[in-house]
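>>> Turn this into a structure:
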Amino acid sequence: MLRSIAARRLFSSTLARKDTLAFIEVANGKVLAASLSAISAAKAIGKPILGIVLGPEGEKGAESAAKIDGLAKLLVAKDAKYDHYLAEEVAPLLKELVSKNSYTHFVTPASAVGKSFLPRLGALLDVQPVSDITKVVSEDTFVRPIYAGNALATVKSKDNVVLASVRASAFPQAELSGSASIEDVSEAVESGNRTEFVGEDLVKSERPELGSASRVVSGGRGLKNKETFDSIMNPLAEKLNAAIGASRAAVDAGYCDNSLQVGQTGKIVAPELYVAVGVSGAIQHLAGMKDSKTVVAINKDPEAPIFNVADIGLVGDLNEAVPELVSKL
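Coordinates of the predicted model:
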């Protein structure tokens with residue numbers, strides 16, 4: 001009899017679990033495009049969605065976040081300790097919210113922030129996160145890339161709570177046409193954190209954000225040095241109103257900041273137009289851009305692997321070809 005009552009309680013508890021909690025990343029008071037894509041993925045799960053923004057930055061962007069179509073409610077944890085999204089502070093709060101409110105799903109963009117706290121949250125909840133999903137099959141089944149994007153795995157989660165990070169380029173951005181109610185999250189969660197935020201060095205640019213840009217021009221090792229990278233890539237990006245990206249080889253050589261890296265260990269992009277200049281096309285780089293709608297490659301090596309995925313290829317000296325292209329645009 002006791003066993004039957006316990007089973008009944010467990011079953012009714014499972015029925016009560018009905019909502020999805022979505023982490024919304026905010027910078028400079030604006031919701032990042034990757035978060036809008038994560039909301040689209042959450043909508044595909046088919047359950048009511050509650051969003052959460054964190055810290056003073058999140059509080060500043062709460063009004064715009066509340067307009068995201070599909071949100072039933074927006075939670076705001078305005079405590080300053082959540083500023084800069086330290087995983088050691090963020091994960092305990094999310095664990096408390098997920099456990100207390102019995103959410104069935106938690107989704108976050110597969111950004112640097114999401115990748116930072118999601119494994120820690122999984123450990124606290126004792127569940128296995130499903131990372132970098134590109135498709136929602138059902139509420140417990142997802143598609144994600146493996147082997148540098150050369151294969152797709154369909155993964156079914158058996159956990160009570162599904163934690164998932166979302167590849168932004170695989171989902172459309174949610175519209176800002178809603179009007180969710182805003183609720184403060186007031187409970188304090190002790191983290192025992194011994195990590196201290198020291199500082200950050202941000203690269204500011206008026207160009208489109210790399211992860212969500214519809215046009216991307218990307219430079220590789222063939223540009224030889226930082227001076228050539230800047231003199232070749234900047235005019236091209238300005239003409240096309242494009243974001244600038246780079247291969248890992250270019251980043252490691254110091255041609256540009258590592259925030260511009262496109263590839264398996266950098267940013268995943270899927271623009272309408274991707275122009276690869278002096279990029280050989282290593283498999284790690286292709287994993288980050290091969291979903292681009294139109295790929296243009298400029299390289300003096302006709303055997304470069306980038307030409308295997310290019311829709312338009314130009315074999316030639318980039319120091320001559322790119323300035324000529326810029327002059328004719």
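
>>> now the strands: where do they sit in the stretch 51-200 of the chain?
For the stretch 51-200 of the chain, the strands defined by DSSP state E, counting those that start in this stretch cover 71-77, 105-109, 130-133, 135-138, 141-146, 151-156, 162-166, 181-184.

>>> These into TSV, with extra columns for distance to V322 and mean neighbour count?
C-beta here means a position set from N, CA and C on the backbone, and glycine is covered the same way. Compiled in TSV, those are given as follows (distance: least, CB to CB, whole Å; neighbours: other CB atoms under 10 Å):
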stretch	distance to V322	mean neighbour count
strand 71-77	44	20
strand 105-109	33	28
strand 130-133	33	22
strand 135-138	36	15
strand 141-146	31	18
strand 151-156	35	12
strand 162-166	34	26
strand 181-184	48	12
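
>>> can you put the ones you listed in CSV and add mean pLDDT?
Converted to CSV, these look like this (pLDDT from 0 to 100):
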stretch, mean pLDDT
strand 71-77, 94
strand 105-109, 96
strand 130-133, 95
strand 135-138, 96
strand 141-146, 94
strand 151-156, 94
strand 162-166, 97
strand 181-184, 93
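
>>> In a markdown table, list these along with distance to G316.
Putting the strands of the stretch 51-200 of the chain into a markdown table (distance: least, CB to CB, whole Å) gives the following:
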| stretch | distance to G316 |
| --- | --- |
| strand 71-77 | 50 |
| strand 105-109 | 38 |
| strand 130-133 | 36 |
| strand 135-138 | 39 |
| strand 141-146 | 33 |
| strand 151-156 | 34 |
| strand 162-166 | 39 |
| strand 181-184 | 55 |
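
>>> pLDDT at G192, what is it?
As predicted, G192 sits at a pLDDT of 72.

>>> Give the residue spans of this protein that score low on pLDDT.
Scanning the chain for pLDDT under 70 picks out 1-17, 187-188, 202-206.

>>> Specify the residue ranges that define each domain of it.
20-184, 215-328 (the TED database).

>>> the helices in the stretch 1-150 of the chain, which residues?
2-16, 33-45, 55-60, 62-65, 87-101, 112-125 (DSSP state H, counting those that start in this stretch).

>>> again, but for the stretch 201-329 of the chain
Under DSSP H, counting those that start in this stretch, the stretch 201-329 of the chain gives helices at 226-240, 248-252, 283-289, 318-328.

>>> Quickly compare those helices and say which is most buried.
Compared across the helices of the stretch 201-329 of the chain, helix 283-289 shows the largest average neighbour count, a mean of 22 (mean count of other CB atoms under 10 Å).

>>> distance between that one and the chain's centre?
Put simply, helix 283-289 sits 16 Å off its chain's centre (CA atoms, centre = their mean, to the nearest Å).

>>> and what of stretch 260-271?
That offset, for stretch 260-271, works out to 10 Å (CA atoms, centre = their mean).

>>> Also stretch 243-253?
On CA atoms, centre = their mean, the centre of stretch 243-253 falls 18 Å from the chain's centre.

>>> cool, stretch 60-78 as well?
That offset, for stretch 60-78, works out to 18 Å (CA atoms, centre = their mean).

>>> Same question for stretch 145-162.
With CA atoms, centre = their mean, you get 16 Å for stretch 145-162.

>>> Quote the end-to-end distance of that stretch.
18 Å (CA to CA, to the nearest Å).

>>> Stretch 280-295 now?
First-to-last residue span, stretch 280-295, CA to CA: 13 Å.

>>> For the closest residue in space to Q261 that isn't next to it in sequence, give me its contacts.
Leaving aside its sequence neighbours, Q261 sits nearest to V251 (CB to CB, 6 or more residues apart in numbering; 4.6 Å). Residues in contact with V251, defined by CB atoms under 8 Å, 6 or more residues apart in numbering, are D257, N258, L260, Q261, G266.

>>> Could you report the distance from V251 to G219?
For V251, the distance to G219 equals 10 Å [CB to CB, to the nearest Å].
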